[in-house]
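> What shape does this take:
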Amino acid sequence: MASTRVFVGASLDGFIAGPNDELDWLSGGSSEGQSAGPSEGQAEAHKSFSEFFAQIGAVLMGRRTYDVVCGMKAPWPYGDTPMLIATSRPLVAKRPSVRAVRGSIAEVVEQAKQVAGSRDVYIDGGRLIRAALDAGLVDDITVTIVPIVIGAGIPLFAGVTRHHPLQLLGQRTIAGAAVELKYRPRR
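Now for the predicted structure:
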């Protein structure tokens, strides 16, 4: 049976993006514009995401996250994998694999599962992740803790409506710096 999964990077202080949706710190940069070149850690993190993404049949993404991804200068990281964007606003899709979905969190997750078939669904976007977790619809969570404190931004889990005990499934260090943690919500 297909799983509903989360794969996200977070700062040590629990943010998934800076206050203005900045993501440069994920690859060694900072919100002040300093950046590091490609590193062994970036290559290892990219490999981890590629292995994860090879199992994905559909992406269910929040609208804000989609808008941020579309504004990035990096190549489109999702290939032709179907993307369902949870939004209540009109959406002009930038790619043929993208379409808008509406409804409750249970309804949009079910739509993504239908599209994914026997493959897994990747949930991305802070609000969407929290809503799916609160609804008991997340099967596993992989969080890569990036060794940086950014002080403010978009929180990963702040705002969930209840406690969510998790079972640790595995952990590993990426290039001696970041830590990848994989959990399963206890039901």
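> quick check: longest helix of the protein.
The longest helix of the chain (DSSP state H) is helix 40-53.
> ok, and for that one, which residues are buried?
Across helix 40-53, burial judged by 16 or more other C-beta atoms under 10 Å covers 41-42, 44-45, 48, 52-53. The way it works is simple: take the backbone N, C-alpha and C, and place the C-beta from them, glycine included.
> Direction included, what does the helix or strand that that helix is followed by pair against?
Heading C-terminal from helix 40-53, the first helix or strand you meet, by DSSP states H and E, is strand 56-62. Applying DSSP bridges, strand 56-62 is found paired with strand 83-86 (parallel), strand 120-124 (parallel).
> List the buried residues in the last one.
By neighbour count with 16+ other C-beta under 10 Å, strand 120-124 contains the buried residues 120-124.
> Please apply the same query to stretch 96-114.
Residues of stretch 96-114 classed as buried by neighbour count (16+ other C-beta under 10 Å): 97-98, 100-101, 105, 108-113.
> between the residues you listed, which is closest to residue 154?
Closest approach between the buried residues of stretch 96-114 and residue 154, by C-beta to C-beta: residue 105, at 18.3 Å.
> Spit out the contact partners of the closest one.
128, 131-132, 134-135, 137 (C-beta atoms under 8 Å, 6 or more residues apart in numbering).
> Nearest to residue 85 among the buried residues of stretch 96-114?
Using C-beta to C-beta, residue 100 comes nearest to residue 85 of these, at 5.3 Å.
> in what helix or strand does the closest one lie?
For residue 100, the element it lies in under DSSP H and E is strand 98-101.
> how about the helix or strand just after that strand as PDB, C-alpha atoms only?
Using DSSP H and E, the helix or strand that follows strand 98-101 in sequence is helix 105-116. Extracted C-alpha coordinates of helix 105-116, given in PDB (Å, rounded to 0.1, in the frame of the first residue of the first chain):
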ATOM      1  CA  ILE A 105      -6.800  17.700   4.000                       C
ATOM      2  CA  ALA A 106      -8.300  14.200   3.800                       C
ATOM      3  CA  GLU A 107      -9.800  14.900   0.400                       C
ATOM      4  CA  VAL A 108      -6.600  16.400  -1.100                       C
ATOM      5  CA  VAL A 109      -4.500  13.500   0.300                       C
ATOM      6  CA  GLU A 110      -6.900  11.000  -1.200                       C
ATOM      7  CA  GLN A 111      -6.700  12.800  -4.600                       C
ATOM      8  CA  ALA A 112      -2.900  12.600  -4.400                       C
ATOM      9  CA  LYS A 113      -3.100   8.900  -3.500                       C
ATOM     10  CA  GLN A 114      -5.300   8.200  -6.500                       C
ATOM     11  CA  VAL A 115      -2.800  10.000  -8.800                       C
ATOM     12  CA  ALA A 116       0.100   8.200  -7.200                       C
END
